[in-house]
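Student: missing the sequence, but the structure's below:
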């Protein structure tokens, strides 16, 4: 939180406001309260992932390939970012001998092929030339390779040609073609040296990309979304160490969401209703999500209220918000907030929910109805608008 005593003028202004009962002090108090809640929420999120982070740290230190697996919104990418940064700052703690860690982050796409990730070809000046894929580029630059959201691509097809290499053996991945040079085979293998190496051999002519003993292939995998996108096959999956990243409990989510509410008057309402939505998803195994997908719901509702207040004529020349003084239990205000809540839910998770099979969507609908997190009319409205989000 900010320190009002650091600025004399600010302190005197707040002191005068406090003595006079001015709204400036009340705004300051609310702002600082919200800041404190955000700090608590951040600490809770770190506590939630503490054991998971340790598992990821040990797995990365001990294994060549590691995959973080969990529902969307559980912070898998953020965990990897934090830990890679931590290893970079203190590699010796993890048993690495290099001075630091450099990582290349890429997000697979549906159209990805073996040629895109490993070794492909292009035509330049009428000649066919080889093009290093992300994997070979990372090895050539001695960079770890991080594949974020691997289920976006058919990784069985993309990495199928290097399964043997992931098991620690040498494998040919294609041929190198360069202008004015003979065509030579290209191999992937491993070296006992800490850093990666690219070897140009004369006998027999070949190019070897050797991943170092301290090189890592990391990734995140959305197990729930994989039911509707690409599922990794067992042959490839067993080449990775899997670290589960489960969603937060409803109790922990309450503390997390409280840190994302600015409106102190409606804090209890926001925490209750958004937590009910979160719990409704958790109760359906294939519809589970992490906190990250719903933490912006309060901001949407608050902004909607603010804009509605601006558009509504002021009362007797009062420039303050007419809606801001209305209790959330007021009938008209309550209906409006219910609509905003449904809208916030749709824009936050609609692209994911739209992919659900009819049976799963019905099961989620029953869970939402039991939790009373959305009104029946607003859930029906959400379902009607999901059709437009199905690509």
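Tutor: Perfect, I can see it now. Quick caveat: nothing in here was measured; it's all calculated off a predicted structure. Numbering: from 1, shown residues only.

Student: Only C-alpha atoms from now on, for both contacts and neighbour counts.
Tutor: Will do.

Student: Which of the helices or strands spans residue 254?
Tutor: helix 250-258 (DSSP states H and E).

Student: typo on my end, it should be residue 248
Tutor: Per DSSP H and E, there is no helix or strand for residue 248.

Student: Name the residues that touch stretch 72-86?
Tutor: With contacts defined as C-alpha atoms under 8 Å, 6 or more residues apart in numbering, stretch 72-86 is touched by 49, 53, 56-57, 68-70, 101, 103, 148, 220, 222, 224-225, 245-248, 289-293.

Student: ok now do the nearest residue to residue 105 once chain neighbours are set aside, which residues does it touch?
Tutor: Spatially, and ignoring its direct neighbours in sequence, residue 105 is nearest to residue 146 (4.8 Å; C-alpha to C-alpha, 6 or more residues apart in numbering). Residue 146 sits next to 103-106, 217-219 when contact means C-alpha under 8 Å, 6+ apart.

Student: try it again with 6 Å
Tutor: If a contact means C-alpha atoms under 6 Å, 6 or more residues apart in numbering, then residue 146 has 105, 218-219 as its contacts.

Student: Residue 277: which of the residues you listed is nearest?
Tutor: Checking the contacts of residue 146 against residue 277 with C-alpha to C-alpha, the nearest one is residue 219 at 28.8 Å.

Student: from memory the closest one sits against residue 147, does it?
Tutor: Yes. Taking contacts as C-alpha atoms under 6 Å, residue 219 lies within contact range of residue 147: 4.5 Å.

Student: quick one: which of these two has more around it?
Tutor: Comparing residue 219 with residue 147 by other C-alpha atoms under 10 Å, the one with more neighbours is residue 219, at 25 against 20.

Student: Go over the secondary structure and confirm the more buried one is in a strand.
Tutor: Yes. Using DSSP: H, G, I helix; E, B strand; the rest coil, the assignment for residue 219 is a strand.

Student: I'd like to know which helix or strand in this structure has the lowest mean pLDDT.
Tutor: Lowest by mean pLDDT, DSSP states H and E among the helices and strands of the chain is helix 8-20, with a mean of 63.

Student: re earlier: let me know the closest of the contacts of residue 146 to residue 177.
Tutor: Closest approach to residue 177 among the contacts of residue 146 (C-alpha to C-alpha): residue 105, at 26.7 Å.

Student: Distance of the closest residue to residue 159 other than its chain neighbours relative to residue 301?
Tutor: Once flanking residues are discounted, residue 159 sits nearest to residue 114: 6.2 Å by C-alpha to C-alpha, 6+ apart. The gap separating residue 114 from residue 301 is 45 Å, by C-alpha to C-alpha, to the nearest Å.

Student: In terms of neighbours, single out the busier of those two.
Tutor: Neighbours were counted for residue 114 and for residue 301 using other C-alpha under 10 Å; residue 301 has more, 23 against 20.

Student: isn't there a helix covering the more buried one?
Tutor: Yes. Counting by three-state DSSP, residue 301 is found in a helix.

Student: how deep is the closest residue to it other than its chain neighbours tucked in, by neighbour count?
Tutor: Leaving aside its chain neighbours, residue 301 sits nearest to residue 340 (5.4 Å; criterion: C-alpha to C-alpha, 6+ apart). By other C-alpha under 10 Å, the residues close to residue 340 number 21.

Student: pLDDT value on residue 340, please?
Tutor: Residue 340 is assigned a predicted lDDT (pLDDT) of 97.

Student: Then the one 5 residues further on?
Tutor: Residue 345 carries a pLDDT score of 97 in this model.

Student: mind listing what it touches?
Tutor: Taking C-alpha under 6 Å, 6+ apart, we find residue 345 in contact with no residue.

Student: what kind of secondary structure is it in?
Tutor: Classified using three-state DSSP, residue 345 is helix.

Student: can you pull the buried residues of the helix holding residue 254?
Tutor: Going by neighbour count (16 or more other C-alpha atoms under 10 Å), the buried part of helix 250-258 is 250, 252-258.

Student: outside of whichever helix or strand comes after that helix, which residues touch it?
Tutor: The helix or strand immediately downstream of helix 250-258 is helix 267-282, counting by DSSP H and E. By C-alpha under 6 Å, 6+ apart, the surrounding residues in contact with helix 267-282 are 250, 254, 258, 287-288, 367-368, 371, 373.

Student: buried stuff in helix 267-282?
Tutor: Neighbour counts over helix 267-282 (16+ other C-alpha under 10 Å) mark 267, 270-271, 273-282 as buried.

Student: just the helices in this structure please.
Tutor: Under the criterion DSSP state H, helices of the chain are mapped to 8-20, 23-62, 76-89, 114-117, 134-140, 155-159, 163-166, 234-237, 250-258, 267-282, 297-311, 331-353, 358-371, 376-386.

Student: Residue 207 is nearest to which of those?
Tutor: helix 134-140 (11.3 Å).

Student: How far off centre is that closest one?
Tutor: Mean C-alpha position of helix 134-140 versus that of the full chain (C-alpha atoms, centre = their mean, to the nearest Å) differs by 24 Å.

Student: Check which helices and strands that helix is in contact with.
Tutor: Counting contacts by 3 or more C-alpha pairs under 6 Å, 6 or more residues apart in numbering; DSSP states H and E, helix 134-140 packs against no other helix or strand.

Student: redo that, cut-off 7 Å
Tutor: For helix 134-140, the contact count by 3 or more C-alpha pairs under 7 Å, 6 or more residues apart in numbering; DSSP states H and E identifies strand 144-147, strand 205-211 as packing neighbours.

Student: Kind regards, and thank you for your time.
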